[in-house]
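give me a 3D structure for the following:
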Amino acid sequence: MNNNQDAFLSPFARLTNKWLPNFKLNLTASSTPRREAKDILVTAVFNIDYSHNSRELGGINSYNCSSVAEVKSYSKKAIESSINGQRKSVCDALYKELSNNSLFASVHRKKLPLKVFEHSCLVTCSPCGGRGRVTCGTCYGSGQVDESRYEIVGYDEYRDSRGYVTRQEPRYGYRNYRVTCSGCGGSGQNRCSTCHGDGQNTYIETVDIYAKLGNWKHKWSKFETTTWTNDYLHGDQDDFELQDAGTWQLSKQQVTDHDNGAFTVTIPGEITAADCNATLQGEFATSKGQLKTLGGLIYDCDYIYTEHTYNAATSALAANQISPQKIKCLTSSPLFNVCGESSREGKVVPYNELRTKRMITSKSTKAMHELLIALQQKFQQARSKLSVLNIFANSAAALGVLAAILMAFAWQLGSGVVEHFNLYNLALGMKKIVNSFQLSHQFLNILTVSALIFYIPAIIMMKALGAKKNLSTKRILRWFWITLPIFSLFVIFFTSAAGKAHVGTIGDLLIALPILDLSILALLVGILFARKKSWAKQAQAANEYQSDVLMKKLDYKE
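Coordinates of the predicted model:
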């Protein structure tokens, strides 16, 4: 391949390595690339604009005017002289801004800040009328308030049968007192919270002068060989693409002041267009297309990657060969992950994700989306199938652990733990907890303390019994609020069961164990363990596809 072909194909080779790095695609040019260069002149007009706002600050601050009328007059003059191009400082600032930056950098800024004018004066505070003080809102200006005190208001006497007083008990009630107002200290007045006691506030008007793009156009000589370039320049192409597509003479950029608040910026450059017929060979397909570039910018891929991605996805689905060895080259690609995230039932992936024109068709996007769904369903079905043998083994181990725990508590707390331990009693305990729920300070305090105590055990149970899902806030809270009442219930049960007689031997404990109730609990634990093992096994298998979007769909990643 000659140097012209190498230079032309270089951007497409980088694109291939970026989006389909493991496809081992071979891109070759079918002929010598056609090139055509034309001069182009870009012109942009910037107009001076403004925003105007006013505000009032509490108290006396720095000011530069004597009245509101003077403030408004200065603000009006600043606006008129600036937008008409009569204020030299503003024009100089805009000229400097446009001269020191490239035209494209200025075009893509929403506004170019130039100068801020701020005028202010003192005004009378409305809430206090300039007095600096306002009537106290507690005593309403009287300086005193009524206060009720709960105290002894008399005594009740108790007499015997002969009329003698045998004892006296105090009688309590409310008495009203007139006391000094604590809000104002008895003065009936408080310092104004608006002006902070100054009696005046500072009125401020701010005028923000800036420049914005008013008009944008470009002129070029008509392309005769690569005629598709004329359509590109006529269209609504992104200005950043135009910047990247051309070679610009920044040293010849000119800024012209029209003395009416408008500035024109011109910059000359050259647009080089090139196209070439190319062939892309790979394991799944051989495709051909006319590739096009503008300068160093890829303009059109002619859907040359469609057949490769489409055949890789559809052949795997048709033959039901979706093992990682067969399709990992596709599922591990950024293109597959972007399609999985962005597509909905085969819709075209947005260009702002791929940053290229006509890279793949909706046909290819839909095929990759269907492949992602097939993989997702495969793993969801696989991890929902639990091994009976695995459940039995885990349940047997859990039964031994639960029995040992119950015997340990019974040995320490008494035989009542074993005698009263059954699922029916636990259900009754749960019902009592629910029925005792009330929005009282005491109940809420107990709930808060329980939540703090059982947070760590809840997280440990989630890690021990929960599936290998991604660790999210929602999942942690769900496990926490599910396990909190369970832990609380067992604590209440073991506490209430204490005080019974201690068991003499371990054999007595074994005979008294509620095997049926423990077996039911052990079966639940066994199922959770088997589920966790299944999720872990399928997570390891799914990870072999090296697809971030697949792991997210399966809830293994956030």
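
pull out the buried positions in the top helix by length along the chain.
Ranked by residue count under DSSP state H, the longest helix found in the chain is helix 515-543. Buried residues in helix 515-543, counting neighbours by 16 or more other C-beta atoms under 10 Å, are found at 517-519, 521-523, 525-535, 538-539, 542. To be clear about C-beta, it is placed using only N, CA and C from the backbone, and glycine gets the same treatment.

helix or strand right after that helix?
Where DSSP states H and E defines the elements, the next helix or strand beyond helix 515-543 is helix 548-553.

that next one - contacts with which helices or strands?
helix 334-342, helix 362-384, helix 515-543 (3 or more C-beta pairs under 8 Å, 6 or more residues apart in numbering; DSSP states H and E).

please name whichever of the ones you listed is nearest to residue 421.
Comparison of the helices and strands packed on helix 548-553 against residue 421 by C-beta to C-beta identifies helix 515-543 as nearest, at 6.8 Å.

now the angle between helix 362-384 and the closest one, please.
With axes from the mean of the first three to the mean of the last three C-alpha atoms, to 10 degrees defining the directions, helix 515-543 sits at 150 degrees from helix 362-384.

pLDDT of helix 515-543, averaged?
On average, the pLDDT along helix 515-543 is 85.

cool, and stretch 356-376?
87.

and that stretch, how far from the chain's centre?
How far stretch 356-376 lies from its chain's middle: 26 Å, per C-alpha atoms, centre = their mean, to the nearest Å.

return the helix or strand in this structure with minimum mean pLDDT.
helix 506-512 (a mean of 61; mean pLDDT, DSSP states H and E).

by contact count, what packs against the longest helix of the chain?
Applying 3+ C-beta pairs under 8 Å, 6+ apart, we find helix 515-543 packed against helix 362-384, helix 388-413, helix 423-435, helix 441-465, helix 548-553.

with just CA atoms, put the first one into CSV.
Once side chains and other backbone atoms are set aside, the C-alpha atoms of helix 362-384 remain, and they are given as CSV (Å, rounded to 0.1, in the frame of the first residue of the first chain):
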residue,chain,number,x,y,z
SER,A,362,-30.3,0.0,12.6
LYS,A,363,-30.3,-3.6,11.4
SER,A,364,-26.9,-4.2,13.1
THR,A,365,-28.0,-2.3,16.2
LYS,A,366,-31.1,-4.4,16.5
ALA,A,367,-29.2,-7.6,16.1
MET,A,368,-26.8,-6.7,18.9
HIS,A,369,-29.7,-5.7,21.0
GLU,A,370,-31.4,-9.0,20.5
LEU,A,371,-28.1,-10.8,21.3
LEU,A,372,-27.9,-8.9,24.6
ILE,A,373,-31.4,-9.9,25.5
ALA,A,374,-30.7,-13.5,24.7
LEU,A,375,-27.6,-13.5,26.9
GLN,A,376,-29.6,-11.7,29.7
GLN,A,377,-32.4,-14.3,29.6
LYS,A,378,-29.8,-17.2,29.5
PHE,A,379,-28.2,-16.1,32.7
GLN,A,380,-31.4,-15.2,34.4
GLN,A,381,-32.9,-18.6,33.7
ALA,A,382,-29.7,-20.4,34.7
ARG,A,383,-29.3,-18.7,38.1
SER,A,384,-33.0,-19.3,38.9
